[in-house]
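Asker: sequence first, then the predicted structure, then my questions.
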Amino acid sequence: MVESRCGIECSKCEYKEKKNCQGCLVIDKPFWGDSCPVKSCCEARKHHHCGECPDFPCDVLTEMAYAEEEGDNGKRIENCRRWANKDYKIGTCSLSAEEVIAVLEKEKSFTLATSAHGRVSTRAMSHVNDGLTVYFQTGSDYLKVQQMEANPNVALSVGGYEMEGKVTLLGHPLDTENRLFAEIYKKKHPQYTDIWSTYEKEIVVKVEIGLVRQWRYIDGKPFIAVGQFSQETPAFNAEKFIADVVSQNAEALPVHFAPNAVIRWYETNEELTLPEYVRANCEYPGEWRGALERVMESNNEMSLVYRIASEGMEFLVTAFVKLDNGKIIQLDEYFCVCGTAPQWRQDMKIGKPIVEGKANDTIGW
């Protein structure tokens, strides 16, 4: 079958894995530059591949095919000639995100394919979606979860559309951080919510859709409609977050959080919603200053240590952050009052300052 405009066999190309290249039939521009002259020319002339062109093989294609480093000694030219002789006429057209989202919202279930350790399995799943992100729930002890833990790349079939995506395993459907999912799922699948959501091993699975295909006919000719969607997770800026906390910026603080975020202050045994947290932080009396001291990051979790101080008070704060798409969904904070060692320990004359020349009870930045 036709795999590219210039004749490269994309299924055998090393850059398919190295650069996650989906091939020029799908992508808008190559990974190695802003445009490919062969792809641009072929598509401008409305050819499926160069073998259909009356100027085949042209100088541009020949030069590329016999290039010293990236050439293949003319093999791609022979492929185009072979494709032309077999008279392949399968076209491609674009698929919009809006069309895919409409299908996900209309359909109540999809077929999920997972694979790992040489085994492939499929099953039907009830789902909900937030744009191009799909959610469903299942038991953590099932085969599909074991396969997704080993290989997070999955395939979905929904209403005649073939989809590929990457999964993230979340917590129990009734966990506080998943309450938005629980509300949406209950509206769409009330009959399943009561049955499965109380199962102790039930978890929520998130699928971020990256590639979608659908076969269709336009004027009696076969076409593959293709949509490639980037869902890169926005980076969480820890320094900006702490700066907005210290400056008590009521407008900027919510930007760092998911709407259903949960904030817990263990020192005072308080659990807050996002609006409550913003109000408590920004209406806290006094003028504050502070700085981030340490950041540790692992997957979608982050640990922060920062100092804040006002007149006569200084706190060292340890914060444990859970992120979803670059937004905080859970913030657990522990406050410690800063000060000097008690007199009995000073009398022991042991230890030394962590930072020389800096008093323990004042911020010295």
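Answerer: That came through fine.
Asker: what helices or strands is the helix or strand harbouring residue 264 leaning on?
Answerer: If you go by DSSP states H and E, residue 264 is part of strand 257-265. Under the contact criterion of 3 or more C-beta pairs under 8 Å, 6 or more residues apart in numbering; DSSP states H and E, strand 257-265 touches helix 179-188, strand 270-273, helix 274-282, strand 327-337. Any C-beta I mention is one placed from the backbone N, CA and C, and that applies to glycine too.
Asker: give me the mean pLDDT for the second one.
Answerer: I take that to be strand 270-273. Averaged over strand 270-273, pLDDT sits at 94.
Asker: circling back to that earlier point, worst average pLDDT in the helices and strands packed on strand 257-265?
Answerer: Of all the helices and strands packed on strand 257-265, the minimum mean pLDDT falls on helix 179-188 (a mean of 88).
Asker: now what about the helix or strand following that helix, what contacts it?
Answerer: For helix 179-188, the succeeding helix or strand toward the C-terminus, using DSSP H and E, is helix 190-196. Helix 190-196 has contacts (C-beta atoms under 8 Å, 6 or more residues apart in numbering) with 126, 137, 173, 182, 185, 186, 202.
Asker: I'd like the distance between residue 261 and residue 254.
Answerer: The gap separating residue 261 from residue 254 is 9 Å, by C-beta to C-beta, to the nearest Å.
Asker: overlap in contacts, the two.
Answerer: residue 274.
Asker: what's the distance between residue 246 and residue 183?
Answerer: Per C-beta to C-beta, residue 246 is found 34 Å from residue 183.
Asker: give me the more crowded residue out of the two.
Answerer: When residue 246 and residue 183 are compared for neighbours, residue 246 comes out ahead with 19 against 12, by other C-beta atoms under 10 Å.
Asker: I'd say the more buried one and residue 287 touch.
Answerer: No: the pair residue 246 and residue 287 fails to qualify as a contact (C-beta atoms under 8 Å) at a distance of 10.0 Å.
Asker: who touches residue 305 in this structure?
Answerer: Residue 305 is in contact with 292, 293, 294, 295, 316, 317, 318, 319, counting by C-beta under 8 Å, 6+ apart.
Asker: what segments of the stretch 101-250 of the chain are strands?
Answerer: 109-116, 119-126, 128-130, 133-139, 153-158, 161-169, 202-218, 221-228 (DSSP state E, counting those that start in this stretch).
Asker: flag every buried residue along the last one.
Answerer: Applying a neighbour-count criterion of 16 or more other C-beta atoms under 10 Å, the buried positions in strand 221-228 are 223, 224, 225, 226, 227.
Asker: which one of those is nearest residue 283?
Answerer: Taking C-beta to C-beta as the measure, residue 227 is the one of those closest to residue 283, at 46.1 Å.
Asker: ok, and the closest non-adjacent residue to the closest one?
Answerer: Of all residues not flanking residue 227 in the chain, residue 95 sits nearest, at 3.3 Å (C-beta to C-beta, 6 or more residues apart in numbering).
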